[in-house]
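**Q** predicted structure and sequence below. I'll ask about it afterward.
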Amino acid sequence: MIQRGLVLGKFLPYHEGHALLVRSARAQVDRLTVLVCSISREPIPGALRYHWVAASHPDCRVVHVAEEVPQAPEDDPDFWPIWTDLVRRYAGDVDVVFTSEMYGDELAARLCARHICVDPGRRGVPISGTAIRQDPMINWQYIPPIVRPYFVRRVAVLGTESTGKTTLAETLAHELDTVWVPEYGRGYCENRDPLALTAEDFDAIGKGQARDEDEAATRANRLLICDTDLRTTATWCDLIVGTRPAWLAEAAARRRYNHVLLLDADVPWVQDGTRVLRDERIEHTERLRRELERTEQPYTLISGSWAERHTEARAVLECILAGR
């Protein structure tokens with residue numbers, strides 16, 4: 001006889017405890033349906049949670065249920081009839097209900113199924129979705145790799161030419177055991193004259209920068225440090241071309257960071273073979289500052305000697321990791 005199992009939950013977010021529950025359930029039945037249930041007011045989009053679960057368990061039938069239904073028995077006298085109807089519509093007949101909660105007894109009884117409670121005391125994986133939402137940094141080990149990019153705290157290091165962005169980004173990433181995103185435009189301009197770049201070039205640079213950043217977020221350890229961002233690309237385009245492509249303007253305004261470190265142009269300009277804006281450093285810095293303020297992006301102006309820059313930037317990142 002084919003055994004049909006059910007797991008349902010909010011997966012808010014999907015974490016290693018959920019992974020244990022689903023794997024355990026799948027090992028005990030022939031077919032397992034996982035219902036990812038969401039309502040509109042929840043803090044993480046239901047479609048994203050569905051993606052996390054479906055991608056993590058390709059051997060299961062994963063279904064997104066986006067119905068505005070009561071969330072607890074005290075919310076509606078018809079709570080149980082509503083939920084048993086919902087389960088039957090989305091999962092069909094069920095033989096075994098798997099949960100990590102005591103509500104599974106009642107749900108299974110109403111579905112004429114058995115209930116198997118997996119790790120109810122959270123001894124195997126001592127975590128909850130609430131704990132992760134409250135402090136993802138301290139609970140990082142319980143967040144699956146597919147979910148981590150959502151919680152990664154992104155910091156962009158901005159500044160005009162020769163302000164130490166690359167050295168600072170790389171050094172801080174090494175010290176904090178994470179990854180950093182190099183400036184895409186530097187490599188792009190190796191065999192090109194920066195002063196001859198077109199709007200199409202800056203469009204390509206912007207897309208390359210965004211792509212590299214999003215890929216690096218999948219490998220980051222709590223914090224992702226970005227050497228430059230799309231605002232820098234857009235302001236460069238303004239200075240070289242006189243305007244910016246519509247896509248770049250929209251993307252630069254839309255992309256958010258937990259914090260930005262804006263490096264002041266109060267250190268000597270050094271030619272490295274690719275730099276061309278020595279006389280525009282103050283103007284470029286002011287353009288970046290205006291971009292940050294116009295888009296209401298939190299930032300800290302970092303100035304002083306190389307050592308002072310490092311000390312101040314490191315202190316800002318420590319606060320971000322601590323949730324302050």
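**A** Received, thanks.
**Q** for this protein, which segments count as strands?
**A** Using DSSP state E, the strands of the chain run over 4-9, 31-37, 61-65, 96-99, 114-117, 153-159, 179-181, 223-227, 259-263, 299-302.
**Q** partner strands of the fifth one, parallel or antiparallel?
**A** Next to strand 114-117 in the sheet, as set by DSSP bridges, lie strand 96-99 (parallel).
**Q** hmm, who's touching the partner strand?
**A** Identification of contacts with strand 96-99 by CB atoms under 8 Å, 6 or more residues apart in numbering yields 3-9, 21, 24-25, 28-29, 104, 107-108, 111, 113-118. In this view, the C-beta of every residue, glycine as well, is placed from N, C-alpha and C.
**Q** filter those down to just the buried residues.
**A** 4-9, 21, 24-25, 29, 104, 107-108, 111, 113, 115-118 (16 or more other CB atoms under 10 Å).
**Q** how about the strands of the chain in CSV, adding distance to Thr166 and mean pLDDT?
**A** What follows is these, written out as CSV (distance: least, CB to CB, whole Å; pLDDT from 0 to 100):
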stretch, distance to Thr166, mean pLDDT
strand 4-9, 44, 98
strand 31-37, 41, 98
strand 61-65, 42, 98
strand 96-99, 50, 98
strand 114-117, 53, 97
strand 153-159, 8, 97
strand 179-181, 9, 98
strand 223-227, 5, 97
strand 259-263, 11, 97
strand 299-302, 14, 97
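**Q** could the ones you listed go into JSON lines alongside distance to Tyr90?
**A** Formatted as JSON lines, the strands of the chain follow (distance: least, CB to CB, whole Å):
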{"stretch": "strand 4-9", "distance to Tyr90": "9"}
{"stretch": "strand 31-37", "distance to Tyr90": "6"}
{"stretch": "strand 61-65", "distance to Tyr90": "5"}
{"stretch": "strand 96-99", "distance to Tyr90": "14"}
{"stretch": "strand 114-117", "distance to Tyr90": "19"}
{"stretch": "strand 153-159", "distance to Tyr90": "35"}
{"stretch": "strand 179-181", "distance to Tyr90": "39"}
{"stretch": "strand 223-227", "distance to Tyr90": "36"}
{"stretch": "strand 259-263", "distance to Tyr90": "41"}
{"stretch": "strand 299-302", "distance to Tyr90": "46"}
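**Q** and of those, who's closest to Glu286?
**A** In terms of CB to CB, the element of those nearest to Glu286 is strand 259-263, at 10.5 Å.
**Q** tilt between the closest one and strand 153-159?
**A** If you take axes from the mean of the first three to the mean of the last three CA atoms, to 10 degrees, strand 259-263 sits at 20 degrees to strand 153-159.
**Q** now for strand 259-263, which elements pack on it?
**A** Using 3 or more CB pairs under 8 Å, 6 or more residues apart in numbering; DSSP states H and E, the elements in contact with strand 259-263 are strand 153-159, helix 165-175, helix 281-294, strand 299-302, helix 306-321.
**Q** list the contacts for the residue nearest the centre of the chain?
**A** Among the residues of the chain, Tyr150 comes closest to the average C-alpha position under CA atoms, centre = their mean, at 2.2 Å. Tyr150 sits next to Pro13, Ile44, Leu48 when contact means CB under 8 Å, 6+ apart.
**Q** where neighbours are concerned, which of those residues has the most?
**A** Neighbour counts for the contacts of Tyr150 (other CB atoms under 10 Å) peak at Pro13, which has 22 neighbours.
**Q** got a pLDDT number for it?
**A** Looking at Pro13, its pLDDT is 98.
**Q** for it, phi and psi?
**A** Reported as degrees, to the nearest 10, the phi and psi values for Pro13 are phi -100, psi 180.
**Q** that one reaches Gly129, doesn't it?
**A** Yes: with contact defined as CB atoms under 8 Å, Pro13 counts as touching Gly129 (6.0 Å).
**Q** any idea how far Ala156 is from the residue lying closest to Ser162 once chain neighbours are set aside?
**A** Nearest non-adjacent residue to Ser162, counting by CB to CB, 6 or more residues apart in numbering: Trp269, 4.5 Å away. Noted for Trp269: a distance of 22 Å to Ala156, by CB to CB, to the nearest Å.
**Q** do Pro194 as well
**A** In terms of CB to CB, Pro194 sits 21 Å off from Ala156.
**Q** quick one: which of the two has more around it?
**A** When neighbours are counted by other CB under 10 Å, Pro194 and Ala156 differ, and Ala156 comes out ahead with 28 against 17.
**Q** the more buried one: what's it in contact with?
**A** Contacts of Ala156 (CB under 8 Å, 6+ apart): Cys226, Thr228, Asp229, Tyr257, Val260, Leu261.
**Q** give me the domain ranges for this protein.
**A** 4-142, 152-321 (automatic domain parsing).
**Q** considering those, which stretch scores lowest in mean pLDDT?
**A** Mean pLDDT is lowest for domain 152-321 out of the domains of the chain, coming in at a mean of 92.
**Q** end-to-end on it?
**A** Criterion CA to CA, to the nearest Å; first-to-last residue distance in domain 152-321 is 10 Å.
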